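Trainee: 3D, please:
(chains A and B)
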Amino acid sequence: MFGKFDFGILWTNGPFLWNGMLLTLQLTVLAIGGGLLLGVILAVARLSPIKPLSWLVEGYVNFLRSMPLILVIFWFYTLVPKLIARPVSGFYSVLIAFIMFEAAYYSEIIRAGISSVRRGQISAALALGLTNMQAMRYVVLPQAVRNMIPVLLTQSIVMLQDTSLVYVVGLRDFLTSADIIATRDNRPTELYLFVALVFLVACFAASRLVNQLRRRYAL
Amino acid sequence: MIELANVSKWYGPFQVLNDCSMRVAKGEVVVICGPSGSGKSTLIKCINGLEPFTKGTITVDGISVGARATNLPRLRSRIGMVFQNFELFPHMTAGQNIVLAQQKVLGRDRATAEVKARELLARMGLNEQASKYPAQLSGGQQQRVAIARALAMDPIAMLFDEPTSALDPEMITEVLDVMVNLAEEGMTMAVVTHEMGFARKVADRVVFMDQGVIVEDADKDAFFGTPRSERAQVFLSKILQH
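Mentor: Have a look, this model is predicted:
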């Protein structure tokens, strides 16, 4: 029905596909790193006793979480160059969009993680003479991180899959590269199967990692 | 050693502590009792500044707890506290629980802190438990680790906030035994508890609270013999029935 499969096409186009993969990985890693960093800052601001700061962050988080990612990507693609009055490469505008978008999700996960640590734990830490910062660092955060790692990783897996949206601004990520070859050589079955397999393996490996981390740090 | 003068505290319009004054002299054991919601837990948490208070003064070893200039972490490190729900750090072993503040607050080196932890665990009858996590220990064992954690800081006084209320009956004794030993060694202690057997055995004085007011502050024998206030009499008759 599909004629003869030719999986050799993956091999001959390996470098092209690999370049797409590199872009996907770069984007994922940088967006996760940046998103986590900004997410921690947002979470702490959200939990801060300074009400206006907390409200500001709440507004930001709720706003971004109600937007489709693709719209955020478009915005930053058109907005960022205008804001700084300089042309910006597609990669950087997309990266900024991802970081801002993911940070909104990460910050909620981190905030929930911190809030999940019982109040009495902080009392016990303070009663021993630890400062607020020390209590956060040695008592609250280790427990909070443990509670949130599975959710953070799950969110990061979703993020990896979402990187395929960058085709809208003309970036050649893994999926886009595969699509180009599929169309050019009329080999959609082989290419799309391959892409599916790669995502499957990556996500499976990541969820195994989640389980292993869970077991290792199980209470 | 510990002195409370005219301490009041409001949660919004609700007054939890009403003009409370009491003192605990060096080496003295004071038991604070009263019906639930009487403010006794709040009162004991004011002593090390875990709960802020609205009016009055509290001094510990001559240092004012409520004063802005007071280095609260430093003062707290000199006062041990034991909680109703143990509050051991679940991500650390029993040993690590006892070592943490010794290192981070007192600046002891690891080896010294570990020796101290082992000594204290042995004293609590928990020789074998240093490398276990709190979740692997019984409630009674956890509370004894928590007492060891507090003692590791070489406190000048110990505060106990209902230390046996969350324990199964058969574990209450093992914790009370440790506390009796501490009292007999001359530790200054303020203990919120319903364990009147403990109070009779080691308390010097008993403070009875009701609705945020210290209703009675009497020598142990006077309190158990002839409590002056009607509310204390009612409370005792209820609690001593079982």
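Trainee: pick out the residue of chain B closest to chain A.
Mentor: Nearest residue of chain B to chain A (C-beta to the nearest C-beta) works out as B:Ser77 at 2.6 Å. Bear in mind the C-beta positions are built from the backbone N, C-alpha and C, glycine included.
Trainee: from what I see, that residue and B:Met153 are in contact.
Mentor: Yes - with contact defined as C-beta atoms under 8 Å, B:Ser77 counts as touching B:Met153 (5.5 Å).
Trainee: so how far is stretch B:92-111 off the chain centroid?
Mentor: Averaging C-alpha positions (C-alpha atoms, centre = their mean, to the nearest Å) puts stretch B:92-111 21 Å from its chain's average.
Trainee: for stretch A:105-122, same thing?
Mentor: For stretch A:105-122, the distance to the chain centre is 19 Å (C-alpha atoms, centre = their mean).
Trainee: for chain A, which residues are neighbours of chain B?
Mentor: A:118, A:120-121, A:123-131, A:134, A:138-139, A:142-143, A:146, A:217, A:219 (C-beta under 8 Å from any C-beta of the partner chain).
Trainee: for A:Glu108, give me its contacts.
Mentor: A:43, A:61, A:65 (C-beta atoms under 8 Å, 6 or more residues apart in numbering or on different chains).
Trainee: tell me the buried residues in stretch A:12-31?
Mentor: Residues A:13, A:17, A:20-21, A:23-24, A:27-28, A:31 are the ones in stretch A:12-31 that count as buried (16 or more other C-beta atoms under 10 Å in any protein chain shown).
Trainee: same deal with stretch A:195-205?
Mentor: Within stretch A:195-205, the residues that count as buried by 16+ other C-beta under 10 Å are A:195, A:198-199, A:202.
Trainee: again with stretch A:83-103
Mentor: A:88, A:93-103.
Trainee: what's the helix or strand harbouring A:Thr154 in contact with?
Mentor: Using DSSP states H and E, A:Thr154 sits in helix A:141-162. Residues from elsewhere that reach helix A:141-162, judged by C-beta under 8 Å, 6+ apart: A:24, A:28, A:31-32, A:35-36, A:69, A:98, A:102, A:105-106, A:109-110, A:112-114, A:116-117, A:121, A:199, A:202-203, A:206-207, A:209-210, A:213-214, A:217, A:219, B:89-91.
Trainee: show only the entries of the buried residues of stretch A:195-205 found in helices.
Mentor: The helices, defined by DSSP state H, take in A:195, A:198-199, A:202 from the buried residues of stretch A:195-205.
Trainee: nearest to chain B, of the residues you listed?
Mentor: A:Ala202 (29.6 Å).
Trainee: stretch B:105-117 and chain A, are they touching?
Mentor: Yes - remark: stretch B:105-117 sits within contact range of chain A at B:105-106, by C-beta under 8 Å from any C-beta.
Trainee: report the separation between the spatially most central residue of chain B and B:His194.
Mentor: Centroid-nearest residue in chain B, with C-alpha atoms, centre = their mean: B:Phe160, separated by 1.5 Å. Note on B:Phe160: its distance to B:His194, by C-beta to C-beta, to the nearest Å, is 12 Å.
Trainee: which strand or helix spans the spatially most distant residue from the centre of chain B?
Mentor: When distances to the mean C-alpha position of chain B are computed (C-alpha atoms, centre = their mean), the maximum falls on B:Ala111, with 28.3 Å. Assigned by DSSP H and E, B:Ala111 falls within helix B:110-123.
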